[in-house]
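S.K.: Fold the following and give me the result.
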Amino acid sequence: MDRFCLATKASNRRRRGNTIIESALIFLPLFTIVFAIIDFSMAAFVRNTMHLAVREGARYAITSQTMAGLGHDDSIKTVVQRNAMGFLNGSAGLSKISVDYYDPKTLALVTGVASNRGGNIVQISVNGLTWDWIAPLQRAFPALSISASSSDLMEQPKNGIIPNR
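M.R.: Below you'll find the model as predicted:
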């Protein structure tokens, strides 16, 4: 009976050691997968947020509205920045937003004072935004570059006055 009890105790000790090793072998891949899911989800969230922000900027731009104390382009950039959920904060964020106007017949870039007149195409873009991966085992990958763009046809201003760019 004593031999049986001693053999059982030794066997239980080995099982506890095996459980710790097996747990360690399971948790490493499990946490890697969880971090990868979170990482890819955040990258998709940032991308979709930028698409929403530029679309809201285009919707604002076509109405020829301006905010108090700002020109048309700066007002559009402010709307995009407000809808970017903090990913485009500050002057560094503003520098990533561009507003361009195109002739609807030739699709040539229109510059100058009245380039934002009704009938032209407005294009709002976010370029140069990067997302650094957080997954601890995948540091070999470079940062993800995110860009978004939206365009629409400018409406005629209600009062007939083209706002300053």
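
S.K.: Please count neighbours and contacts with C-alpha atoms only from this point.
M.R.: Will do.

S.K.: and the most centrally placed residue in the chain, what element?
M.R.: The centre of the chain sits closest to Val46, judged by CA atoms, centre = their mean, with a distance of 2.3 Å. Take DSSP states H and E as the rule and Val46 turns out to sit in helix 2-61.

S.K.: Using CSV, write out every CA atom in whichever helix or strand comes after that helix.
M.R.: Note on helix 2-61: by DSSP H and E, the next helix or strand toward the C-terminus is helix 72-83. What follows is helix 72-83 as a C-alpha-only set of coordinates in CSV (Å, rounded to 0.1, in the frame of the first residue of the first chain):
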residue,chain,number,x,y,z
HIS,A,72,-13.7,77.7,-47.2
ASP,A,73,-10.7,75.3,-47.4
ASP,A,74,-9.9,75.8,-43.7
SER,A,75,-13.5,75.2,-42.8
ILE,A,76,-13.5,71.9,-44.7
LYS,A,77,-10.3,70.8,-43.0
THR,A,78,-11.8,71.6,-39.6
VAL,A,79,-14.8,69.5,-40.4
VAL,A,80,-12.6,66.6,-41.4
GLN,A,81,-10.4,67.0,-38.3
ARG,A,82,-13.5,67.0,-36.0
ASN,A,83,-14.8,63.8,-37.6
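
S.K.: so where is the chain shaky, pLDDT-wise?
M.R.: Along the chain, segments meeting pLDDT under 70 span 1-17, 135-140.

S.K.: hmm, try it at 90
M.R.: 1-25, 28-29, 31-36, 39-40, 65, 112-114, 131-144, 156-165 (pLDDT under 90).

S.K.: Grab the nearest non-local neighbour of His72.
M.R.: Arg165 (4.7 Å; CA to CA, 6 or more residues apart in numbering).
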